[in-house]
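Asker: would you be able to build a 3D model of this:
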Amino acid sequence: MHTQKDSLKKLVQDRYASIAKQDKATNASSCCGATTSSNKVYNIMMDDYSQTQGYVADADLGLGCGLPTQFAQIKPGDVVIDLGSGAGNDCFVARHETGPEGKVIGIDFTPEMIRQARSHAEKLGLNNVEFREGDIEHMPVNDAVADVIVSNCVLNLVPEKPPVFQEMFRVLKPGGHFSISDVVLKGELPQALRQDAEMYAGCIAGAIQMDDYLSYIKDAGFEAPVIQKQKPIEIPEDILDKYLDAEAKEAFLLGGTGIFSITVFAKKPGNTMPKPKLSLAELQAQKSACTPGGSCC
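Answerer: Residues are numbered from 1 along each chain as shown. Got it, this is the predicted structure:
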């Protein structure tokens, strides 16, 4: 039996499968790349990645609402998980920070995105970046494996947010942390926006109240979340015109409802274990001790 949650997930999956086949210019002319194109050709969400180290233009579909990797405090050797990894751009930026000694895992539930991301990784020759198909509410990852989690404008697309935060808590190591960019609300959206399925896939209608969002993070067990960046989002009038009549639009514009992109940081309690590092002399000693018939081979 299919529920409304299942229907919304299928809608998002189908929409983002289509986006994977579009060029960036088409995505950038719409709300999150997913809804009706605005005649004001710009994306109302995205931040500019182009000057970020590790940026891969072909992997940037223009679907984000922040730069979570900029705030994620990724260190060399870290294991990083990107939720809703799309074509892989945030993973490649994270890989620049974690270096060849670290590892980056992208998780996405759209097969077309996974194929595209894997193709980019292969072309770049990155053997420590992998992409796994799966739901972020049930991550295909073992417990306590990640030092850092990042995500960019993805959780607002998930019908039920608490299970995602609970999964994030599970897969982070003690002392690990996340930095995620997302869309939240202050005040209530008009019902016409909330009920429209296409608008849901466009990131706005699936957003929840900022206070609820922060409460879910605390309820999952994370230490007090910190908003690292916040910016208001304005929906172009021609997009509003599709959903609201003149009276409803005026009430919305004057009603004080705020739509924001936020980047949030929170830490899992505990102490991060230091990563053991072997010196060149230790590596050479291990190599010389590995003799035929020995137990090390």
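
Asker: where do the helices of this structure begin and end?
Answerer: Listed in chain order, the helices of the chain (DSSP state H) span 4-19, 24-28, 68-71, 89-98, 111-124, 162-171, 191-195, 197-201, 210-219, 237-243, 246-254, 280-289.

Asker: worst average pLDDT in these?
Answerer: In terms of mean pLDDT, the lowest-scoring of these is helix 280-289 (a mean of 42).

Asker: just to check, residue 174 is in contact with residue 222?
Answerer: No: because the distance of 11.9 Å does not satisfy CB atoms under 8 Å, residue 174 is recorded as not touching residue 222. C-betas here are computed from N, CA, C, even on glycine.

Asker: overlap of the contact sets of those two?
Answerer: Contact criterion CB atoms under 8 Å, 6 or more residues apart in numbering; residues bridging residue 174 and residue 222 by contacting each: 268, 269.

Asker: give the contact list for residue 71.
Answerer: Residues touching residue 71, when contacts are defined by CB under 8 Å, 6+ apart, comprise 179, 228, 229, 263, 265.

Asker: go again with 6 Å.
Answerer: Listed by CB atoms under 6 Å, 6 or more residues apart in numbering, the contact set of residue 71 reads 179, 228, 263.

Asker: now residue 168
Answerer: Under the criterion of CB under 6 Å, 6+ apart, the contact partners of residue 168 comprise 149, 178.

Asker: any idea how far residue 177 is from it?
Answerer: 10 Å (CB to CB, to the nearest Å).

Asker: what residues sit buried inside the lengthiest strand in the chain?
Answerer: Among the segments of the chain that qualify as a strand by DSSP state E, the longest is strand 172-186. Taking 16 or more other CB atoms under 10 Å as the basis for neighbour counts, the residues of strand 172-186 that come out buried are 172, 173, 176, 177, 178, 179, 180, 181, 182, 183, 184, 185.

Asker: distance between the ends of stretch 194-212?
Answerer: For stretch 194-212, the first-to-last residue distance is 17 Å (CA to CA, to the nearest Å).

Asker: among the buried residues of strand 172-186, which pair sits farthest apart?
Answerer: Maximum pairwise distance in those, criterion CB to CB, is 31.9 Å, between 173 and 185.

Asker: pull the contacting residues for the residue nearest to residue 227 when sequence neighbours are not counted.
Answerer: Residue nearest to residue 227 in three dimensions, not counting chain neighbours: residue 262, with 5.3 Å by CB to CB, 6 or more residues apart in numbering. Residue 262 makes contact with 184, 227, 230, according to CB under 6 Å, 6+ apart.

Asker: run the last query once more with 10 Å
Answerer: Taking CB atoms under 10 Å, 6 or more residues apart in numbering, we find residue 262 in contact with 65-66, 180-184, 210, 213-214, 225, 227-231.

Asker: and which of these is nearest to residue 160?
Answerer: Residue 160 lies nearest to residue 213 out of the contacts of residue 262, by CB to CB, at 12.7 Å.

Asker: just give the nearest non-adjacent residue to the closest one, would you?
Answerer: Nearest residue to residue 213, sequence neighbours excluded (CB to CB, 6+ apart): residue 184, at 5.0 Å.

Asker: what does residue 167 give?
Answerer: Counting by CB to CB, 6+ apart, residue 139 is the residue found nearest to residue 167 once chain neighbours are left out, at 5.1 Å.

Asker: hmm, back to that, now the common contact residues for residue 168 and residue 177.
Answerer: Between them, residue 168 and residue 177 share the neighbouring residues 146, 149, 222, 266, 268, with contact defined by CB under 10 Å, 6+ apart.

Asker: report how many residues lie close to residue 240.
Answerer: 18 (other CB atoms under 10 Å).

Asker: over to the one 4 residues further on?
Answerer: In terms of burial, residue 244 registers 20 neighbours under the definition other CB under 10 Å.

Asker: these two touch, right, it and residue 194?
Answerer: No: using CB atoms under 10 Å, residue 244 makes no contact with residue 194, being 11.7 Å away.

Asker: give me phi/psi at the nearest residue to residue 135 once chain neighbours are set aside?
Answerer: When the adjacent residues along the chain are set aside, residue 135 lies closest to residue 109, with 5.2 Å between them (CB to CB, 6+ apart). Here is the backbone geometry of residue 109 (degrees, to the nearest 10): phi -100, psi 10.

Asker: quick check, residue 109 in contact with residue 131.
Answerer: No: taking CB under 10 Å as the definition, residue 109 is not a contact partner of residue 131, at 11.4 Å.

Asker: mind checking which of the two has more residues around it?
Answerer: Neighbour comparison, residue 109 and residue 131: the larger count goes to residue 131, with 24 against 19 (by other CB under 10 Å).
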